[in-house]
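Student: sequence and predicted structure, then a few things I'm wondering about:
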Amino acid sequence: MADAERRKKGEEVIQEVYAGDVVVPPAGANDFADNMLAQLFAEVWSRDVLSMRDRRLLLLGAIAALGEGMTFGIQAKAALKKGELTPEQLREVLVFIVHYVGYPRAAGLIGVLEKAIQDAQASA
């Protein structure tokens, strides 16, 4: 796939992944974004072996383990807006992963998750 095609595909996939909530910089404006779109979104998120929901659940677990609250909230909101997970299922994610990532990390995500749920419901 040519670079321009990969970029275009990456732009389409990132909009799908984030339910249209992410602003994509123009091509050439940011090397990091250009590489991310061409590789992560055009090549990885677009694979059809796992569903978008499966990928999102894996990512939520990884993000929780890293303690990345902001990104956890963004992913949770996208999952809600796209109908991939319900608020109850997202809350259950925290109940489950607390035993693997620890109470301090998971507890720090409770407020982030509740805000994502409120934001998704407000934009519905």
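Tutor: Thanks, I have the structure now.
Student: from the rest of the structure, what touches the helix or strand harbouring Asn35?
Tutor: Secondary structure assignment for Asn35, by DSSP states H and E: helix 31-36. The contact list for helix 31-36 (Cβ atoms under 8 Å, 6 or more residues apart in numbering) reads Arg7, Gly10, Val24, Pro25, Ala27, Gly28. No exception for glycine: its C-beta is placed from N, CA and C like everyone else's.
Student: one more time with 10 Å
Tutor: Applying Cβ atoms under 10 Å, 6 or more residues apart in numbering, the contact partners of helix 31-36 are 3, 6-7, 10-11, 14, 24-28, 30, 42.
Student: find the nearest non-adjacent residue to Ala76, please.
Tutor: By the measure of Cβ to Cβ, 6 or more residues apart in numbering, the closest residue to Ala76 outside its immediate chain neighbours is Ala116, 3.9 Å from it.
Student: pretty sure that neighbour is touching Val93, no?
Tutor: No: using Cβ atoms under 10 Å, Ala116 is not in contact with Val93, being 11.6 Å away.
Student: helices of the protein, residue ranges please.
Tutor: Applying DSSP state H to the chain gives helices spanning 3-17, 31-36, 52-66, 69-81, 87-101, 103-123.
Student: which of those helices sits closest to Ser46?
Tutor: Nearest of the helices of the chain to Ser46, taken as Cβ to Cβ: helix 3-17 at 5.0 Å.
Student: and the closest one, how far out from the chain's middle?
Tutor: Mean-position distance between helix 3-17 and its chain equals 15 Å (Cα atoms, centre = their mean, to the nearest Å).
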